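A.B. asks: everything below, folded, please.
(2 chains)
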Number of protein chains: 2
Amino acid sequence: MYFHALIPFKPVNPKTRLSSILSQEEREEFARIMLGDVISAVRRTGCSATLLCTSAYDCRDALVAVRKEGLNEAINWALPQFHCPALIIMSDLPMVTPGGLQRVVSTKADMSIVPGLGGGTNVMFVKKPEDFHVEYYGFSFRRHLQIAEELGFSVEIIDSMRMSTDVDEPADLVELMIHGHGNAREWLYNNGFTLSIEDGRVKVLRNGAEIV
Amino acid sequence: MYFHALIPFKPVNPKTRLSSILSQEEREEFARIMLGDVISAVRRTGCSATLLCTSAYDCRDALVAVRKEGLNEAINWALPQFHCPALIIMSDLPMVTPGGLQRVVSTKADMSIVPGLGGGTNVMFVKKPEDFHVEYYGFSFRRHLQIAEELGFSVEIIDSMRMSTDVDEPADLVELMIHGHGNAREWLYNNGFTLSIEDGRVKVLRNGAEIV
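C.D. replies: Predicted structure coming up:
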């Protein structure tokens, strides 16, 4: 089945909740590399992608639309323009795999959704995107289920740790360093991050100092 | 395929990392109810279960062995006694579903494993348990992969948010309250816990006061 992916992306000063451990320049580089891992997984499912960027961004593996408005407005602007199923996926999911995305897009329901830890929405696949609209932020998982219900759309909820774990906070780096497989994980190891076991718990160190 | 489940359980003073929000009596009740949800999912896959309890415990839905030694010693005592595949599952996984367990036990590999968030091991399925031994605590996920490699066992890693999220700390209650379906979730709602959206984030309140 042909479908198109929408990936919102903020090139400048992204991932501010990682400010305590990464400089702005590092966060921008790390965000680009996580995005690259997501684009790679998306393309390996045979799908094309459009980035919805808050400012100019050069990407050779995807179309780019610069949209200055908010996340919801940008996605809701894009959704009716595709006359094919839409995959909406966040750019901070570097643990995503093509096999995981295959579970998402092969749903028999009208749409599928992967919740984020904490009540968010990390991945959605909507077969009739022209009728749908998104409402991210806060408890968006519940809100998206409500929107689906209002439209009479059947929903499959996909159970995936890899896609439910978005990289927002220092603590999220633990999972990426353990289970990651792509360039984002490698970037961490190349930039002084290591795992250590202390007091029976797995910790993240940078240049030997504990950060999580 | 017939298999047998081992479920370690601590009836007295369990889940001490929830002490800030639950009394000892409440933690014991909540732990029993989470265990009940796990046993229910295990039984619905057509499998029998033995609880490995640190003290006497009365359970009508499973066999009970009281083992005073540590977690690893108790499981390693039990593993060689079953001449069938073994499912080792923790009792604090109330979001587990029969469908999720089906993914675990239908592996084509010699064993399957569901990592816990933070480097632990939440569920393991081992087709030849008499050769295997467990080493829980710390970075047990990596250790169990190493043990499998030493034995020449092929391993499938199962990607499941529901089984990777064990209920240890107050923050874990958010996921259970959003995605739970069984008695543990109901117990929380019956005991004054609610979800609230504040500053764009989903919070857990008890009797109106924020706890996470």
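
A.B. asks: which ones are touching the residue nearest to the spatial centre of chain A?
C.D. replies: Ranked by distance to the mean C-alpha position of chain A (CA atoms, centre = their mean), the top residue is residue A:90 at 2.4 Å. Going by CB atoms under 8 Å, 6 or more residues apart in numbering or on different chains, residue A:90 touches A:7-8, A:38, A:116, A:122-123, A:166. Where C-beta positions appear, they are placed from N, C-alpha and C, glycine not excepted.

A.B. asks: ditto for residue A:139
C.D. replies: Residue A:139 neighbours (CB under 8 Å, 6+ apart): A:119, B:195, B:197, B:202.

A.B. asks: now, which of those residues lie within helices?
C.D. replies: Residues of those located in helices (DSSP state H): none.

A.B. asks: dump those into CSV; add distance to residue A:152 and neighbour count as well.
C.D. replies: Output for those, formatted as CSV (distance: CB to CB, whole Å; neighbours: other CB atoms under 10 Å in any protein chain shown):
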residue, distance to residue A:152, neighbour count
A:119, 24, 22
B:195, 26, 18
B:197, 26, 15
B:202, 26, 22
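
A.B. asks: and the closest residue to residue A:212 other than its chain neighbours, how many neighbours does it have?
C.D. replies: Among residues not flanking residue A:212 along the chain, residue A:204 sits closest, at 4.2 Å (CB to CB, 6 or more residues apart in numbering or on different chains). Residues within reach of residue A:204, counting by other CB atoms under 10 Å in any protein chain shown, total 20.

A.B. asks: may I have the secondary structure class of residue A:204?
C.D. replies: Of the three states, residue A:204 takes strand according to DSSP: H, G, I helix; E, B strand; the rest coil.

A.B. asks: so which strand or helix has residue A:75?
C.D. replies: Counting by DSSP states H and E, the element that carries residue A:75 is helix A:71-78.

A.B. asks: what of residue A:32?
C.D. replies: Using DSSP H and E, residue A:32 maps to helix A:24-44.

A.B. asks: give me the mean pLDDT for that helix.
C.D. replies: Over the span of helix A:24-44, the pLDDT mean works out to 97.

A.B. asks: so what does that helix touch, helix or strand wise?
C.D. replies: Applying 3 or more CB pairs under 8 Å, 6 or more residues apart in numbering or on different chains; DSSP states H and E, one finds that helix A:24-44 contacts strand A:4-9, strand A:48-53, strand A:86-89, helix A:98-105, helix A:183-190.

A.B. asks: can you tell me if the last one touches chain B.
C.D. replies: No: under the criterion of CB under 8 Å from any CB of the partner chain, helix A:183-190 makes no contact with chain B; the nearest approach is 14.3 Å.

A.B. asks: run through the residues of chain A sitting next to chain B.
C.D. replies: Counting by CB under 8 Å from any CB, chain A sits next to chain B at A:97, A:100, A:115, A:117-119, A:137-139, A:141-142, A:159-162, A:164-165, A:174-175, A:178-179, A:195, A:197, A:200-202.

A.B. asks: contacts for stretch A:171-190, please.
C.D. replies: A:29-30, A:33-34, A:36-37, A:40, A:94-95, A:97, A:161-162, A:165-167, A:193, A:195, A:202-204, A:211-212, B:115, B:117-119, B:141-142.

A.B. asks: quick one: end-to-end distance for it.
C.D. replies: From its first residue to its last, stretch A:171-190 covers 18 Å (CA to CA, to the nearest Å).

A.B. asks: and it, how far from the chain's centre?
C.D. replies: Its chain's C-alpha centre and that of stretch A:171-190 lie 15 Å apart, by CA atoms, centre = their mean, to the nearest Å.

A.B. asks: do stretch A:129-140 as well
C.D. replies: Distance of stretch A:129-140 from the chain centroid (CA atoms, centre = their mean) equals 15 Å.

A.B. asks: list the buried residues for that stretch?
C.D. replies: The neighbour-count check on stretch A:129-140 (16 or more other CB atoms under 10 Å in any protein chain shown) flags A:129, A:132, A:134-136, A:138-140 as buried.

A.B. asks: the nearest residue to residue A:11 once chain neighbours are set aside: what secondary structure?
C.D. replies: In space, not counting the residues next to it along the chain, residue A:11 is nearest to residue A:57; the distance is 4.6 Å by CB to CB, 6+ apart. Three-state secondary structure (criterion: three-state DSSP) places residue A:57 in coil.
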